[in-house]
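Chemist: give the three-dimensional model of this entry:
(one chain, ligands or ions: 2)
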Amino acid sequence: MRINTSRTELVALVSVGLIVLGLPAAALGYQYWLRPATAPTHVIDIDLRVPQDGGFAPEAITVTMGEPVTLRFASLDVTHGIAIGPGLGVDLGHVDPGQVKEITLTFDHPGTYTYYCNAWCSPDHWRMRGTLQVIDPDNPGFVPPAQSDPMIQALIVEGVDIDAKHEEGHGHDDDPALEITRPLSAQHGADLLDSVTLPDEVIDPLWRRSHAPTQALELLGTANPQMTQADLIDVVAYLWTADTAPETILNAQVLYNKNCAACHGQYGGGDGPAADTTAENPVIFADPAFMFEMRSDVLYAKIRRGGMGTDMPNFGTLFTQEETWALVEYLWTLPVQLANQGEE
Ligand code: HEC
Ligand SMILES: [Cu+2]
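Modeler: Ligands and ions are numbered 1, 2, ... in the order given. Alright, predicted model coming up:
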């Protein structure tokens, strides 16, 4: 599915100057004594502690557009992971206790970014975020308005309640709405395409984005009374996973493993190491009966906005719209065995 994001200039970064020095604690003396005197750039030191001990210090920084700034992250307790988004592509990887990693950035637009931890460091890990404000020296009061999100707007207009509760046991095995008796095979679905009548809706990517697989299944059932439901389920599994570039999926998998797997589980089992610390159970993406009730646009909105009172964090200030769509595409691969993968 093609995603149209009209605002590529959001990527305001002009140069990612050189980068990432991992320094052992012994080198700190050199860092702190010598560096400020010789460095041409503005240096900002940011200390890292688990959120219950303060998280980022400072938690908000302001930098000037056009002026190189070096951000120097030092962990004072446990291993953290440092990334900055949205749209900067900056991920410094792990910062171990006593280690310092730095990056020099020059921004060419005013804007607001988030530096955040993407390694599970503590139960409050996902609260570990800081705000980086880029200001225009000629117009220091100007803050670009938050980018409006057409997809979330459309959901509001449609009257979809993103925070609607699922029925009891959502994503868990009791009382599945749909009888799914075998693992979903997109390959099997692809092999059946020749013998299936596809209603116009289900081949329209925009329709698929705003409808649940069960709705497609219903249309397919009406158009193909000769087919079994199990076969049609595989056709739907194929349709929902067919047009994503493998590279998009791989990039999304990296984001998922760093930012989501701690709660939702590496394979979407809802069984990550932090799963039992959340107010609600993380949903189980690997459960086809659960996912068949979900709409891509609602998954997207949930990722960007988070879940009120559930401990599902919001990621709208960390990821671009494209990255969020890629994550949605990735979530659909969790309950489905993809076509042309595994044994031929
Ligand atoms: C701190 C734990 C935690 C992390 C990290 C986390 N989630 Fe969640 N997530 C949850 C919980 C808990 C829920 C259940 C909320 C509910 O019942 O609606 C949830 C719900 C969701 C839903 C909504 C499903 C639905 O319709 O109810 C989506 C989509 C989702 N997560 C995607 C993600 C993605 C993608 C990431 C990583 C970028 C992520 N989550 C990271 C805990 C987490
Ligand atoms: Cu962390």
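
Chemist: for the stretch 1-150 of the chain, give the residue positioned nearest to ligand 1.
Modeler: W126 (4.8 Å; Cβ to the nearest ligand atom). Placement of C-beta: from N, CA and C, glycine included.

Chemist: helix, strand, or coil at G87?
Modeler: Following DSSP: H, G, I helix; E, B strand; the rest coil, G87 is assigned to coil.

Chemist: err, L71, not the other one
Modeler: Quick answer, by three-state DSSP: L71 is strand.

Chemist: so it touches I103, yeah?
Modeler: Yes: L71 lies in contact with I103 (Cβ atoms under 8 Å); the separation is 5.6 Å.

Chemist: so what sits against both of the two?
Modeler: Shared contacts of L71 and I103 (Cβ atoms under 8 Å, 6 or more residues apart in numbering): I84.

Chemist: around ligand 2, which positions in the chain sit nearby?
Modeler: C117, C121, H125, M128 (Cβ under 5 Å from the ion).

Chemist: where does the stretch 151-300 of the chain have low pLDDT?
Modeler: By pLDDT under 70, the low-scoring segments of the stretch 151-300 of the chain are 167-177.

Chemist: rerun that using 50 as the cut-off
Modeler: 168-175 (pLDDT under 50).

Chemist: quick one, grab the pLDDT at G17.
Modeler: On the pLDDT scale, G17 is placed at 43.

Chemist: so how far is stretch 100-113 from its chain's centroid?
Modeler: 21 Å (Cα atoms, centre = their mean, to the nearest Å).

Chemist: can you give me the helices in the stretch 101-250 of the chain?
Modeler: 150-158, 186-192, 205-209, 213-223, 229-241, 246-259 (DSSP state H, counting those that start in this stretch).

Chemist: quick revisit: check contacts around the closest residue to the residue of the stretch 1-150 of the chain closest to ligand 1 other than its chain neighbours.
Modeler: Closest residue to W126 apart from its sequence neighbours, by Cβ to Cβ, 6 or more residues apart in numbering: P313 at 4.3 Å. When contacts are counted by Cβ under 8 Å, 6+ apart, P313 touches W126, R127, G306.

Chemist: just the buried residues of the helix or strand harbouring V63, please?
Modeler: According to DSSP states H and E, V63 maps onto strand 60-64. By 16 or more other Cβ atoms under 10 Å, the buried positions in strand 60-64 come out as I61, V63, T64.

Chemist: could you redo the residues you listed as JSON lines and give each row pLDDT and distance to N281?
Modeler: Below are those laid out as JSON lines (pLDDT from 0 to 100; distance: Cβ to Cβ, whole Å):
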{"residue": "I61", "pLDDT": "97", "distance to N281": "36"}
{"residue": "V63", "pLDDT": "95", "distance to N281": "40"}
{"residue": "T64", "pLDDT": "95", "distance to N281": "45"}
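
Chemist: in a markdown table, list the residues you listed along with distance to L338.
Modeler: A markdown table is the format used below for the buried residues of strand 60-64 (distance: Cβ to Cβ, whole Å):
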| residue | distance to L338 |
| --- | --- |
| I61 | 42 |
| V63 | 42 |
| T64 | 47 |
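
Chemist: what's the closest of those residues to ligand 2?
Modeler: I61 (18.4 Å; Cβ to the ion).

Chemist: which of the residues in stretch 111-124 are buried?
Modeler: Quick answer for stretch 111-124 (16+ other Cβ under 10 Å): G111, Y113, T114, Y115, Y116, C117, N118, A119, W120, C121, S122.

Chemist: residue furthest from the geometric center of the protein?
Modeler: Q226 (40.0 Å; Cα atoms, centre = their mean).
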